[in-house]
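Participant: next comes the sequence, and after it the predicted model I'd like to discuss.
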Amino acid sequence: MHHLRTTVTRLRPLTASQTAQSLSQDRLVAVKGGSRTFKPTRRLNTSVAAEPFLNGTSSNYVEEMYYAWLENPKNVHKSWDIFFCNANAGAPPGSAYQSPPPINGTSQGLASVQALVRAQPNVEKLVGDHLAVQTLIRAYQVRGHHIAKLDPLDISCVDFDDAPCTVGFQNVGFYGLAECDLDKVFRLPTTTFIGGNESALPLREIIRRLEMAYCQHIGVEFMFINDLEQCQWIRQKFETPGIMQFTLEERRTLLARMIRSTRFEEFLQRKWSSEKRFGLEGCESLIPALKTIIDKSSQSGVESVIMGMSHRGRLNVLLYLFMFVFKGSGDVKYHLGMYHRRMNRVSDKYITLSLMANPSHLEAVDPVVQGKTKAEQFYCGDTEGKRVMSILIHGDAAFAGQGIVYETFHLSDLPSYTTHGTIHVVVNNQIGFTTDPRMARSSPYPTDVARVVNAPIFHVNADDPEAVMYVCNIAAEWRNTFHKDVVVDLVCYRRNGHNEMDEPMFTQPLMYKQIKKQKGVLQKFAEKLITEGVMTAQEYEVKQLVDGCFCCQDLLSLFVFCLCVHVVGLSRILKGRANMVSQRVCDWALGEYMAFGSLLKEGIHIRLSGQDVERGTFSHRHHVLHDQNVDKRVCIPMNYISPDQAPYTVCNSSLSEYGVLGFELGFAMASPNALVLWEAQFGDFHNTAQCIIDQFISSGQAKWVRQNGIVLLLPHGMEGMGPEHSSARPERFLQMCNDDPDLYDCNWIVVNCSTPANYFHVLRRQILQPFRKPLIVFTPKSLLRHPEAKSSFEEMLPGTHFRRVIPDDSPAAVSPEKVKRVIFCTGKIYYELTRERKNRGMDDTIAIVRIEQLSPFPFDLLKAETDRYINADLVWCQEEHKNQGYYDYVKPRIRTTINRTRPVCSGIQLYS
């Protein structure tokens, strides 16, 4: 009888004037010796004709028959007995009746049941409408985040493959409901909390409450979680009416934190407007977010929080969470870790905060944080993670692109690795350096990787500080309750470029036009509080003065000044190229352009891939031009050179080295007649793809007898940026050379060109030679704009070629017998040596010879040079440290060239 009882007492809709209470009265009073007695209730105050079946007196009649049957089956006609027996056995109401033999010739029971059967369409509609409401509720829970107002810029970089989200008043027809059903009252299922203390609501109110819960500034992804208790917990936290309320004191505290976060960034922009600091502008709510998580966790008993994060907003985090004191070295000085023990003012408990040191390799710190957290838990006996926890702050592009994120997630529930739940906070700028999300990932959200471990994902509009504060509270509660990972996705924007020296209008013109018009989050939040009467405008001004004050001398030690690069407009760059063409000279970028263009015209497909390669890490390439007024409208001029040319593919990759380099290797393997190039953002970034380099590229031909012509472009140069962003580690590549002097038998080719013309030739040689070898090119950084690093067109005309060694062309070459010293070098240091030679007036006595191809080593050409300067000392010069770079590789080969007749010194070493 379950189906019938559900139909009668649970599924029927009510008119707005009826109450839920009358539907839930339990009429069972007592059980005596197996018989069942009930309160005799008759509700015959409405005619049958005025109400649908089971929605008035007819339903009362069926209930009376049912309860009488429950008391004693003989109390009802045999037909009802058969009907109720079959229904109790699971038969649907429409097929539960079977005709009994006539009793005393009466047809009363038969007529009663026939009436019930005739009313069956009304029962089916009733059930269908109820199921439709349940389906609608589930649709909001599953897909409400699709239409949530998450993007502060209202341009939405999330791609749902144009699949419509069929929710809202206008889409009730999709579920079999009609507009006339909007004012009907439906009993709510147990899988929702939108009713609060009410068990039934009109459909219109059901939809309104669902939209308030799932379609405002918070988008919740959780229905993929396969644990009912966890799903119900999340539903209760977001669906309960009025649950997202804050006290006056909480809102004032939130405003104070927003003021401090915002004013700090403004101060830095005023004082160091030309410095690289990776500011937090556009996501100032990160600071209140982290403070909220720490406050809530401290209240729950957490004593130590270990954090890991990359560069974006790190200065702000260091100042306001750690009372930062500057030490360390490198291009980004605040990569150093920090440790601070302080009193938490919300919990009145001491808490220890640790920020792990990290490199510029985004996300590499993630497993390190987890390891440190596990160790602290282990040594303090915290077997459930109640005292020690971890927080990881990610960037959106890195979270989606770096494989280490996935690997770290999969450690999260392993017995010997679990840290009992990590809170992940994603600073979602909706862009990675210059790469749009549609080019950086295949999934709609950057956070989709977290779904593999059933971690709930809370997307939140970062321009709504109260929504941010609420989801961070929930995230901390989730971690404390279930000890599992959780993700907070702060959907924000980046007010400046990747760093303060970068010009984002080149590649994201429409986004940055909108950003320039965007009110700051602090201003919007303050206006809201003033409008709602939380404070007056005068009180806000005073609060700004109080909370915005901090000691500047704490701040002066945050930076070491670096080279200020003046970024010119794109039109000026293109005009500069046109001017060089008129003068028949080219710089590095134009030399590359001409190499690619000439090959394309000859029918050779070119594919260039890597992080930000379309523009170039150093804003030098600009192979993709962006319309400044129409979003996503771009032009690749190199595809319009000639009607019968080959296609040119240039694509910003996701923020991955391992995966992308492996992909490009496979592409080159299948396309030996195409020039396939992968460029690292900085040369040292190739180390996260070391497995591909070691196992596939350097030894692929020896192991598998397969040639491959992939090209690796690795920016290299010791130019004051410290341990990172400087060396492409040429010593590693040279150590892996098989050292066969024959180009055909070597395992790869390693070059370091010093002129655009030689770079032009080595690219063309790579695809035009009759065999394939991997090519490793150490490309320059400062030479991209060096006034002397230019080549004449005459050096690239037919009859010219790649020069493995470039002899000295100074006055010393005219009288080689007068030369006292020959300096061998490679790459950009040549220009520093020639400048110094000129300043010292030694053009007649010092010869400088450039070795452009390091492997296979040019024994023949080097021998000609050493024989030419028979009276000179031989010196190798490099900017790298002696145990790095080329020295250990070059010195013994020069000595072999001269049969060890003269020493090869390293007495001259320059450091930039």
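Facilitator: All right, it came through fine.
Participant: from Thr507, how far off is His622?
Facilitator: 9 Å (C-beta to C-beta, to the nearest Å). Every residue, glycine included, has its C-beta placed from N, CA and C.
Participant: shared neighbours of those two, anything?
Facilitator: 614-615 (C-beta atoms under 8 Å, 6 or more residues apart in numbering).
Participant: the more surrounded of these two?
Facilitator: Relative neighbour count places Thr507 above the other of His622 and Thr507, with 26 against 19, counting by other C-beta atoms under 10 Å.
Participant: check what pLDDT that one gets.
Facilitator: At Thr507, the model reports a pLDDT of 84.
Participant: give the closest residue to it in space, chain neighbours not counted.
Facilitator: Leaving aside its sequence neighbours, Thr507 sits nearest to Thr434 (C-beta to C-beta, 6 or more residues apart in numbering; 4.3 Å).
Participant: neighbours around that neighbour, how many?
Facilitator: 25.
Participant: quick one: contacts for it?
Facilitator: 498, 504, 506-508, 612, 614-615, 652.
Participant: out of those, which are inside helices?
Facilitator: Per DSSP state H, helices hold no members of these.
Participant: and of those, the nearest to His410?
Facilitator: Comparing these against His410 with C-beta to C-beta picks out Asn652 as the nearest, at 27.5 Å.
Participant: the closest one contacts Gln611, doesn't it?
Facilitator: Yes. The pair Asn652 / Gln611 is scored as a contact, 6.7 Å apart, by C-beta atoms under 8 Å.
Participant: please enumerate the shared neighbours of the two.
Facilitator: The contact lists of Asn652 and Gln611 share Thr435, where a contact means C-beta under 8 Å, 6+ apart.
Participant: neighbour-wise, which of the two wins?
Facilitator: Under the neighbour definition other C-beta under 10 Å, Asn652 and Gln611 were set side by side, and Gln611 has more, 25 against 22.
Participant: find the nearest non-adjacent residue to the more buried one, please.
Facilitator: That would be Gln681: by C-beta to C-beta, 6+ apart, it lies 4.3 Å from Gln611.
Participant: quick check: that neighbour touching Thr617?
Facilitator: Yes. Counting by C-beta under 8 Å, Gln681 does reach Thr617; the two are 5.1 Å apart.
Participant: how many neighbouring residues does Arg633 have?
Facilitator: 12.
Participant: check Tyr744 too.
Facilitator: 11.
Participant: got a list of what it touches?
Facilitator: Phe771.
Participant: can you check the pLDDT for it?
Facilitator: In this prediction Tyr744 is given a pLDDT of 78.
Participant: what's the answer for His146, then?
Facilitator: 92.
Participant: likewise Tyr339?
Facilitator: pLDDT at Tyr339 comes out at 83.
Participant: ok, Gly421 touching Thr481?
Facilitator: No. When contacts are counted by C-beta under 8 Å, Gly421 is not listed as touching Thr481 (9.3 Å).
Participant: torsion angles phi and psi at the residue most central in space within the chain?
Facilitator: Centroid-nearest residue in the chain: Asp396, 2.1 Å away (criterion: C-alpha atoms, centre = their mean). Main-chain torsions, Asp396, degrees, to the nearest 10: phi -70, psi -40.
Participant: mind listing what's buried in stretch 413-428?
Facilitator: 418-428 (16 or more other C-beta atoms under 10 Å).
Participant: ok, and the closest non-adjacent residue to Leu574?
Facilitator: His622 (7.7 Å).
Participant: hang on, isn't the one you found packed against Arg572?
Facilitator: No. Taking contacts as C-beta under 8 Å, His622 lies outside contact range of Arg572: 11.3 Å.
Participant: all helices of the stretch 701-850 of the chain, in order?
Facilitator: 730-735, 756-768, 829-839 (DSSP state H, counting those that start in this stretch).
Participant: which residues in the stretch 151-300 of the chain form helices?
Facilitator: Using DSSP H, counting those that start in this stretch, helices in the stretch 151-300 of the chain cover 203-214, 228-239, 248-271, 286-299.
Participant: in stretch 146-154, what's buried?
Facilitator: Those would be 146-153, for stretch 146-154 by 16+ other C-beta under 10 Å.
Participant: want to throw those residues into CSV with distance to Val172?
Facilitator: Below are those laid out as CSV (distance: C-beta to C-beta, whole Å):
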residue, distance to Val172
His146, 17
Ile147, 15
Ala148, 20
Lys149, 21
Leu150, 24
Asp151, 27
Pro152, 30
Leu153, 31
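Participant: show me where pLDDT drops low in the stretch 151-300 of the chain?
Facilitator: Applying pLDDT under 70 to the stretch 151-300 of the chain flags residues 157, 159-167, 170, 273-276.
Participant: circling back to that earlier point, quick one, what contacts the residue nearest to Leu574?
Facilitator: By C-beta under 8 Å, 6+ apart, the residues touching His622 are 506, 570, 573-574, 589, 614-616.
Participant: next, give me the two most distant ones among these.
Facilitator: It's Leu574 and Glu614 that sit farthest apart of these, by C-beta to C-beta, at 15.1 Å.
Participant: so which of the two has more stuff around it?
Facilitator: Glu614 (23 against 13).
Participant: not counting sequence-adjacent ones, nearest residue to the more buried one?
Facilitator: Val624 (4.1 Å).
Participant: neighbours of that neighbour, how many?
Facilitator: 19.
Participant: so what does it have for phi and psi?
Facilitator: The phi/psi pair for Val624 (degrees, to the nearest 10) is phi -120, psi 120.
Participant: that one contacts Met638, correct?
Facilitator: No. Val624 is beyond contact range of Met638, at 9.4 Å (criterion: C-beta under 8 Å).
Participant: any common contacting residues for these two?
Facilitator: Common neighbours of Val624 and Met638 (C-beta under 8 Å, 6+ apart) are Val650.
Participant: show me what contacts the residue lying closest to Asn747 once chain neighbours are set aside?
Facilitator: Using C-beta to C-beta, 6+ apart and skipping residues adjacent in sequence, the residue nearest Asn747 is Asn738, 4.5 Å away. Residues in contact with Asn738 (C-beta under 8 Å, 6+ apart) are 702, 745-747.
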